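Novice: Provided below are the primary sequence and the corresponding predicted coordinates.
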Amino acid sequence: TNTAIGEYRTDNENGEDDDDNYGAFVDRLNVNGGYGDISASARLDAARFFEPPEEAFENQFRLERVNTRYSLDDWVFEAGDFYNQYGQGLVLSVRKLDEAGSDIAIRGGHLRYEGDAHSVDVVAGVANSANMDSISQHAVEDAMDVLTGVSYEFAPSDSLRVGTYGLYNQPEERILDTTDYTLNTGVYMDFPSLAEWLILYVEFAVQQKVLADVPKPGSAAYVNSELRFGDFAV
């Protein structure tokens, strides 16, 4: 599939003069294929600007996304660019967000085992940003932050899922000549059908961030509950 967009932007009257009166041609080519248990995909992004107001607009032509996936019974292995999330995303939520113009993937390896009651997920790679913000159309540099994580989930029945995870994040950008990093761990419990009228999800995570050799602990909690009364839900 291919999508090509040509446009001319006039003054949007936002008080800034760095995003007005220029032309743009943006093209995105997606190629997907598969054979048996193997599938592959690639995305080529291209952009050409005409009379851009500043240097933040950059003509581009690059292989932005590439992925190879192999499935074998309960095992799945991915190499290249992929998205992933642990729990409800308190510590890891790498997803494409069209509404925010954000497209960040993990470039590396992804191994997942999903059995009848147990599942394990392992990721290792670096953050790979799409190199053009889809809203401002400004050029975006690759973050290249290191991401390594593992999660385990136990689902003894359809009405209960219990999981735990750990994530190590080392940013490429540093304040001083030190090794900055963030270590996150968390647990969650999901009751998708605790009762016919009740759904409950609880997640808790703790964090140890080291910035310029200074440790900074943190914690977060997420609770979601839904009550159903016939045709109504709260």
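Specialist: Structure's in. What do you need?
Novice: next secondary structure after the helix or strand of the chain at the bottom of the mean pLDDT ranking?
Specialist: Least confident element among the helices and strands of the chain, by mean pLDDT, DSSP states H and E: strand 96-97 (a mean of 78). Downstream of strand 96-97, the next assigned helix or strand under DSSP states H and E is strand 102-114.
Novice: give me the mean pLDDT for that next one.
Specialist: On average, the pLDDT along strand 102-114 is 93.
Novice: stretch 40-56 now?
Specialist: For stretch 40-56, mean pLDDT is 93.
Novice: list the buried residues in that stretch.
Specialist: A40, S41, A42, R43, L44, D45, A46, A47, F49, P52 (16 or more other Cβ atoms under 10 Å). Glycine gets a C-beta too; all of them are placed from N, C-alpha and C.
Novice: swap in stretch 151-161?
Specialist: Residues S151, E153, A155, R161 are the ones in stretch 151-161 that count as buried (16+ other Cβ under 10 Å).
Novice: pretty sure the second one sits against M189.
Specialist: Looking back up the chat, that one is E153. No: at 10.6 Å, E153 does not count as touching M189 under the criterion of Cβ atoms under 8 Å.
Novice: which residues touch I199?
Specialist: Counting by Cβ atoms under 8 Å, 6 or more residues apart in numbering, I199 makes contact with F191, P192, S193, N224, S225, E226, R228.
Novice: in the protein, where is pLDDT below threshold?
Specialist: 99-101 (pLDDT under 70).
Novice: what residue is smack in the middle of it?
Specialist: With distances taken as Cα atoms, centre = their mean, the residue of the chain nearest its centroid is V94 (1.3 Å).
Novice: quick check on the contacts of I199: which are buried?
Specialist: Burial by neighbour count, judged by 16+ other Cβ under 10 Å, picks out F191 from the contacts of I199.
Novice: out of the contacts of I199, who's nearest Y8?
Specialist: If you rank the contacts of I199 by distance to Y8 using Cβ to Cβ, N224 comes first, at 44.2 Å.
Novice: how close does that closest one sit to I199?
Specialist: 8 Å (Cβ to Cβ, to the nearest Å).
Novice: same question, N131
Specialist: N131 is 40 Å from I199, by Cβ to Cβ.
Novice: which ones are touching V66?
Specialist: V66 neighbours (Cβ under 8 Å, 6+ apart): A40, S41, A42, R43, G80, D81.
Novice: contact partners for A56?
Specialist: A56 sits in contact with D18, S136, H138, A139, where contact means Cβ under 8 Å, 6+ apart.
Novice: helix, strand or coil for it?
Specialist: What DSSP: H, G, I helix; E, B strand; the rest coil gives for A56 is coil.
Novice: hang on, V26 packs against N2?
Specialist: No: between V26 and N2 there is no contact under Cβ under 8 Å: 11.5 Å.
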